[in-house]
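Student: turn this into a structure:
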Amino acid sequence: MENTVREYQSALEQAHDIALSGQSLEREIERARQSFDALAELEQSGDLSGAAGRGPVFRVLKQKSEELENLEDRIAKQQPLIDEAFGDGNRILARMRELTVAAGPVDMRSTCAAGY
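Tutor: Sure thing, here's the model as predicted:
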């Protein structure tokens, strides 16, 4: 049972690390969005293509900026879910650890642990 709990702990930590690495993309996406915003400003002033205004290039740059902003928002909304899932996993593992060291036949304790 102890080996199983250790394997589950390792798997939980690995999944959490993967989820957090996905969250780190938010900063990269923010930088890309800011670049599109800056390019849109340059286009609007005429410093990018030489034609000032809000033409097709400006609209495409703004559209991409908005798409990236939406992606940033979706990533940010995942953080509470990741935190909650990691907390739930740790609570379950704590209970499994308790069952590992509890008194009584291993069969009964492992059956209790299987219910989590």
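Student: which element is the nearest residue to residue 64 once chain neighbours are set aside on?
Tutor: Leaving aside its chain neighbours, residue 64 sits nearest to residue 36 (4.9 Å; criterion: Cβ to Cβ, 6 or more residues apart in numbering). (Glycine included, C-beta is placed from N, CA and C.) Assigned by DSSP states H and E, residue 36 falls within helix 25-45.
Student: again, but for residue 104
Tutor: Short version, using DSSP H and E: residue 104 is in no helix or strand.
Student: same question, residue 63
Tutor: Counting by DSSP H and E, residue 63 is part of helix 56-101.
Student: list the helices and strands that helix packs on?
Tutor: helix 2-23, helix 25-45, helix 106-114 (3 or more Cβ pairs under 8 Å, 6 or more residues apart in numbering; DSSP states H and E).
Student: so for residue 93, which of those sits nearest?
Tutor: Nearest to residue 93, of all the helices and strands packed on helix 56-101, is helix 2-23, at 5.5 Å by Cβ to Cβ.
Student: between the closest one and helix 56-101, how big is the angle?
Tutor: 170 degrees (axes from the mean of the first three to the mean of the last three Cα atoms, to 10 degrees).
Student: any residues touching helix 2-23, and which ones?
Tutor: In this structure, residues lying in contact with helix 2-23 by Cβ atoms under 8 Å, 6 or more residues apart in numbering are 75, 78-79, 82, 85-86, 89-90, 93, 96-97, 100, 113.
Student: average pLDDT across that helix?
Tutor: When pLDDT is averaged over helix 2-23, the result is 91.
Student: swap in stretch 103-116?
Tutor: 67.
Student: what of stretch 42-53?
Tutor: On average, stretch 42-53 scores 90.
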